[in-house]
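> Dropping the sequence and predicted coords here.
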Amino acid sequence: MVKTAVTLSGIRLDNPVIPASGTFGFGYEFAQWYDINCLGAISVKGTTREPRFGNPAPRIAETEGGMLNAVGLQNPGIDQVLAEELPRLRELYTKPIIHNISGFSMDEYVECCAKADASPHTDLIEVNVSCPNVHHGGMSFGTDPNMVYDVTRAVKAVCKKPVYLKLSPNVTDIVSIAKACAEGGADGLSLINTLMGMRIDLKRRAPILANTTGGLSGPAVFPVALRMVWQVYEAVDLPIIGMGGVSSAEDVVEMMLAGATAVQVGAANLTDPMACKTIIDDLPGVLERLGVQDINELIGGAH
Amino acid sequence: MKQGFFTITDNTRLAPNTYRMVLAGDTSAITAPGQFVNIALTGKFLRRPISVCDWEEGTLTILYKVVGKGTAQMSEMVSGQTLDLLTGLGNGYDLDKAGDRPLLIGGGAGAPPMYALAKHLLARGKHPSVILGFNTAAERFYQAEFAALGLPVTVTTVDGSAGTKGFVTDAMPAIDYTYIYTCGPGPMLKAVYDSSVTSGQFSFEERMGCGFGACMGCTCQTKYGNKRICREGPVLEKEEILW
Ligand SMILES: Cc1cc2nc3c(=O)[nH]c(=O)nc-3n(C[C@H](O)[C@H](O)[C@H](O)COP(=O)(O)OP(=O)(O)OC[C@H]3O[C@@H](n4cnc5c(N)ncnc54)[C@H](O)[C@@H]3O)c2cc1C
Ligand SMILES: Cc1cc2nc3c(=O)[nH]c(=O)nc-3n(C[C@H](O)[C@H](O)[C@H](O)COP(=O)(O)O)c2cc1C
Ligand code: FES
């Protein structure tokens, strides 16, 4: 038998496959498609302090090999997520839960992470620093090493559970951001979030998305994500959850060879509700064909 | 909700840009008229949502208008080819509220779900009538099929080339109805909402990421809170709609 279990900061995952935040809701709805306990872990929808409706419609546009989304962090707010959504998930699911947290100010990150940390349902906290900072003219937290460092420090100070920073690819130098997280005390890194893009409707001569721009994800971004995981692995000694366009067991292997310890699957869940299960089912066969006995030997194996 | 492979048994042009596709496969997840299927197409990242026009055990009928690359690709497919479908998506129409004389209003590519709805209402002993709205006589489809069910059919065309000249709302005052069921383009839904003298159910369209409730790509605000068009919709009650 091929060994597929991996460990993220002391948390054991039966396999490295995790549905990515925002593409799996709060998990329980996927239990209608398959037994979600086959998953390595689940990263739940990005949660903010207040409930958010998100952006006006249309929020979705298609592109070659992927999609753009401008959902705008629709979520019921941290209190309801902890009181209702996670307990509902826990009724069906016993494996690790990654709580993805977003914020528009330093206070919001700290408050939400502290609450998530105190929840009996959460195993790991994933801090999404791709939102604009309302106190700093809307510039994204995740594009400035100093701000990323400050967020990491502040959040780490209130959390006992492992904290992973989820990085935006919309930067010139991903390595400097990753280093700032490491210096701030992050336990690990998740990358990448979506790449900013847009589409225009030819007949209306106007952007398709009501928000004008949206985040690109899907197979089209896989090489970009892989390159960033590779660069960060070379430069920073932290476990990496790699993501961006992963849609097959082979993609999981490739991400791990670039340096990922675990892998998230995002947009693929939307086009195929069985995507994560299929990848998990396919993984042992793919590893066997490659002569891999323990999946851990893949991590960073291409360096 | 189910995922399954369907085999095309018929793909016929009904009007210049409108086609009927009949598919053989497992339809057991389809529970109500007004639900939709989400169709995977080779080379297209997202699935295409299309309403159920009619279904029986093992057979599904959809009617679609060619408006872009995905629907164009569908129109070129032939019998024997297979398609990957998610079925049983959305809430569908609630038939219990119809009263005795429900009025069904379908505008253009919104007409298809009215067909299965009419059949189910007739099977319950109701007396539905239907208004089908098109731009021109040439664009008409399914007028004969609706008539063959044995219910009164009124056609409206914007240019007056067939039936009543004008919009579906121009044909509404002449009909005595107990309830409204409708599907069509946004502006038509709003006009029907404003003209209707009873309660009713309105089916909405939105661009979708998944079609089964995972991505929050299709959410709208209603008086009863946020709803996902693909899950708590596409059918909304008149009383909850916010324009
Ligand atoms: C619940 C529901 C039921 C529908 N039922 C029918 C039906 O029975 N018959 C029919 O002809 N059409 C129906 N539509 C509209 C149909 O989904 C679109 O016409 C189709 O997706 C267009 O695809 P395309 O590749 O040809 O166009 P493109 O413009 O090339 O498509 C690009 C992207 O935009 C999306 N898109 C484009 N137009 C629409 C639209 N109006 N609504 C939602 N997404 C859209 C596509 O799905 C795709 O992701 C329905 C839509 C919804 C949401
Ligand atoms: C519809 C949608 C919603 C998303 N919402 C979130 C979110 O709330 N928080 C977050 O950190 N990332 C969010 N993401 C980003 C994904 O988690 C992931 O980082 C990205 O999509 C790249 O992976 P993929 O190419 O496999 O989709 C979202 C992505 C999509 C497609
Ligand atoms: S389209 Fe994904 S939630 Fe409705």
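Everything's here; your move. Ligands and ions are numbered 1, 2, ... in the order given.
> helix or strand for residue B:188, which one?
Secondary structure from DSSP states H and E places residue B:188 in helix B:186-195.
> Give me the contact list for that helix.
Outside of helix B:186-195, the residues within contact range by CB atoms under 8 Å, 6 or more residues apart in numbering or on different chains are B:105, B:107, B:110, B:133, B:167-169, B:172-173, B:180, B:182-184, B:200, B:202, B:204-205, B:238, B:241, B:243. For every residue, glycine as well, the C-beta is placed using N, CA and C.
> ok, residue B:181 - contacts?
For residue B:181, the residues meeting the contact criterion (CB under 8 Å, 6+ apart) are B:34, B:93, B:98, B:102-105, B:114, B:117, B:200-201.
> same thing but 7 Å
Shown here is residue B:181, whose contacts under the criterion CB atoms under 7 Å, 6 or more residues apart in numbering or on different chains are B:93, B:102, B:104, B:117, B:200-201.
> Report the spatially closest residue to residue A:52, excluding sequence-adjacent ones.
Once flanking residues are discounted, residue A:52 sits nearest to residue A:73: 5.3 Å by CB to CB, 6 or more residues apart in numbering or on different chains.
> doesn't the one you found fall inside a strand?
No - under DSSP: H, G, I helix; E, B strand; the rest coil, residue A:73 sits outside any strand and is assigned coil.
> thought it was touching residue A:102?
Yes - the pair formed by residue A:73 and residue A:102 meets the contact definition of CB atoms under 7 Å, at 5.5 Å.
> and the two? which has more neighbours close in?
The neighbour count for residue A:73 versus residue A:102, taken as other CB atoms under 10 Å in any protein chain shown, is higher for residue A:102 (26 against 21).
> What residues does chain B have near ligand 2?
Within chain B, the positions adjacent to ligand 2 are B:209, B:215, B:217 by CB under 6 Å from any ligand atom.
> Kindly report the same for the stretch 51-200 of chain A.
Taking CB under 6 Å from any ligand atom as the criterion, the stretch 51-200 of chain A approaches ligand 2 at residues A:69, A:71, A:73, A:100, A:128, A:166, A:193-194.
> any chance of those residues in JSON lines, with pLDDT too?
Converted to JSON lines, those look like this (pLDDT from 0 to 100):
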{"residue": "A:69", "pLDDT": "96"}
{"residue": "A:71", "pLDDT": "95"}
{"residue": "A:73", "pLDDT": "94"}
{"residue": "A:100", "pLDDT": "97"}
{"residue": "A:128", "pLDDT": "96"}
{"residue": "A:166", "pLDDT": "97"}
{"residue": "A:193", "pLDDT": "96"}
{"residue": "A:194", "pLDDT": "96"}
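> For whichever strand or helix holds residue B:73, enumerate the helices and strands it packs against.
Using DSSP H and E, residue B:73 falls within helix B:69-75. If contacts are counted by 3 or more CB pairs under 7 Å, 6 or more residues apart in numbering or on different chains; DSSP states H and E, helix B:69-75 sits against strand B:59-65.
> ok so, going back, give me the common contacts of residue A:73 and residue A:102.
Shared between the contact lists of residue A:73 and residue A:102 (criterion: CB under 7 Å, 6+ apart) are residues A:46, A:48.
> which residues does residue 78 contact?
Using chain A here. Applying CB under 7 Å, 6+ apart, one finds that residue A:78 lies in contact with A:47-49, A:112, A:115.
> nope, chain B please
The contact partners of residue B:78, taken as CB under 7 Å, 6+ apart, are B:8, B:11.
> so what's the residue in chain A that ligand 3 sits nearest to closest to, chain neighbours aside?
The minimum distance from chain A to ligand 3, using CB to the nearest ligand atom, falls at residue A:270 (6.5 Å). Nearest residue to residue A:270, sequence neighbours excluded (CB to CB, 6+ apart): residue B:210, at 3.9 Å.
> didn't that neighbour look like it was pressed against residue A:267?
No - the criterion here is CB under 7 Å, and residue B:210 misses it with residue A:267 at 9.3 Å.
> what about residue 154, helix or strand, and which?
Just going to use chain A. Using DSSP H and E, residue A:154 sits in helix A:145-156.
> wrong one, I was asking about chain B
With secondary structure defined by DSSP H and E, residue B:154 is part of strand B:153-157.
> Which SSE is immediately downstream of that strand?
Along the chain past strand B:153-157, the next helix or strand (assigned with DSSP H and E) turns out to be strand B:164-165.
> contact partners of that next one?
Outside of strand B:164-165, the residues within contact range by CB under 7 Å, 6+ apart are B:154, B:156-157, B:170-171.
> what's the angle between the biggest helix by length in chain B and strand B:153-157?
Across chain B, the longest stretch assigned as helix under DSSP state H is helix B:112-123. For helix B:112-123 and strand B:153-157, the angle between their directions (axes from the mean of the first three to the mean of the last three CA atoms, to 10 degrees) works out to 160 degrees.
> how about the residues of the stretch 201-303 of chain A that lie near ligand 2?
Along the stretch 201-303 of chain A, the residues adjacent to ligand 2 under the rule CB under 6 Å from any ligand atom are A:217-218, A:221, A:243-246, A:265-268.
> of those residues, list those near chain B.
Counting by CB under 7 Å from any CB of the partner chain, the subset of those that neighbours chain B consists of residue A:218.
> JSON lines please, covering the residues of the stretch 201-303 of chain A next to ligand 2 and showing pLDDT and neighbour count.
Formatted as JSON lines, those follow (pLDDT from 0 to 100; neighbours: other CB atoms under 10 Å in any protein chain shown):
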{"residue": "A:217", "pLDDT": "97", "neighbour count": "30"}
{"residue": "A:218", "pLDDT": "98", "neighbour count": "26"}
{"residue": "A:221", "pLDDT": "98", "neighbour count": "25"}
{"residue": "A:243", "pLDDT": "98", "neighbour count": "31"}
{"residue": "A:244", "pLDDT": "98", "neighbour count": "32"}
{"residue": "A:245", "pLDDT": "98", "neighbour count": "24"}
{"residue": "A:246", "pLDDT": "98", "neighbour count": "31"}
{"residue": "A:265", "pLDDT": "98", "neighbour count": "27"}
{"residue": "A:266", "pLDDT": "98", "neighbour count": "29"}
{"residue": "A:267", "pLDDT": "98", "neighbour count": "33"}
{"residue": "A:268", "pLDDT": "98", "neighbour count": "25"}
